[in-house]
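[1] Next one to model:
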Amino acid sequence: MIIGVSGVAGAGKDLFVETCAKELSKIGKTSTKLAIAAKLKHEVRDWCLQHYGIDSVDCSREDKEKIRNFLVAHGTTKRHATQGRHWVEQLQEEVLDRKDDYDYLFISDLRYTDYPKDEVYWLQEEMGGKLVHIQQYTLESRLNSSFKTFRKPANGEEKRNEPNLQTLADYNLEWEFNENFINKDKYISSKVVKFIEWLSTQ
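    Sure thing, here's the model as predicted:
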């Protein structure tokens, strides 16, 4: 099965996929991860090295933030020119080549629903996959009550797409960010185990 993962930058998409791989292996299931952004980063790697001195394929989160606007602009230009199909068609051959080698194939960065046959349509309707949407929040207390403050989108593109992704998701996952968690790994695993239990019913 193919599983797409969406959520704003820093919500924990890669952490989710990595934890899924660990938990799935415990029950004898195999998985691997692909990313639409990998195609984009490879395409602009030489340009970023020449003009920014940053390796877009292998850089720190800090350096990624420095080139994020450029990556978004390039990716968006390609998307607009192809009605949202450029990057999924870049990835599709690899998906088809590898999906039978694993029980689950994760695509860790589904982001768009702008066009009729955009990334989410491609995943759900053409690939028969499921979309998981992740939100990260901090729990805050005020006036004897608690409320969730969700991580904000990193840019206008994320802000515009976030509501649609959440609505179209087959599974919505929320988890708390707390630097003082004593059992952080256990908490994260518990969230993922619930997802895997749901997945087994699909």
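[2] Mind checking what helix or strand follows the top strand by length along the chain in sequence?
    Under DSSP state E, the strand in the chain containing the largest number of residues is strand 130-142. Following strand 130-142 in sequence order, the next helix or strand is strand 145-150 (DSSP states H and E).
[3] For that next one, give me every contacting residue.
    By C-beta atoms under 8 Å, 6 or more residues apart in numbering, the residues outside strand 145-150 that reach it are Q135, Q136, Y137, T138, L139, E140, E174, E176. Every C-beta, even on glycine, is put in place using the N, C-alpha and C of the backbone.
[4] picking up where we left off before, list the neighbouring strands of the longest strand of the chain plus their orientation.
    Using DSSP bridges, strand 130-142 pairs in its sheet with strand 2-6 (parallel), strand 145-150 (antiparallel), strand 171-176 (parallel).
[5] rewinding a little: what about the contacts of strand 145-150, which one has the most neighbours?
    Q136 (20 neighbours; other C-beta atoms under 10 Å).
[6] Kindly provide the distance from that residue to N183.
    Separation of Q136 from N183 (C-beta to C-beta, to the nearest Å): 17 Å.
[7] just to revisit the earlier point, quick one: which of the contacts of strand 145-150 is nearest I27?
    Closest approach between the contacts of strand 145-150 and I27, by C-beta to C-beta: E174, at 23.8 Å.
[8] per-residue pLDDT, the spatially closest residue to that closest one that is not a sequence neighbour?
    Nearest non-adjacent residue to E174, counting by C-beta to C-beta, 6 or more residues apart in numbering: Q135, 4.8 Å away. The score at Q135 is 95. That number is its pLDDT.
[9] How about N180?
    N180 carries a pLDDT value of 72.
[10] contacting residues around it?
    Contacts for N180 (C-beta under 8 Å, 6+ apart) come out as none.
[11] try A37
    L71, G75, D109.
[12] where's the second one, which helix or strand?
    It stands for G75. With DSSP H and E as the criterion, G75 is inside helix 61-81.
[13] and that helix, which residues are buried?
    Neighbour-count burial for helix 61-81 flags D63, I67, F70, L71, V72, H74, G75, K78, R79 (criterion: 16 or more other C-beta atoms under 10 Å).
[14] Which elements pack onto whichever helix or strand comes after it?
    Using DSSP H and E, the helix or strand that follows helix 61-81 towards the C-terminus is helix 86-98. Packing contacts for helix 86-98, counted by 3 or more C-beta pairs under 8 Å, 6 or more residues apart in numbering; DSSP states H and E, involve strand 31-34, helix 36-43, helix 61-81, strand 104-107.
[15] hmm, who's touching helix 86-98?
    With contact meaning C-beta under 8 Å, 6+ apart, helix 86-98 is reached by 2, 32, 34, 36, 39-40, 75, 78-79, 82, 105, 107, 119, 122, 127.
[16] Compare the residues you listed and tell me which has the most neighbours.
    Going by other C-beta under 10 Å, E119 tops the contacts of helix 86-98 with 27 neighbours.
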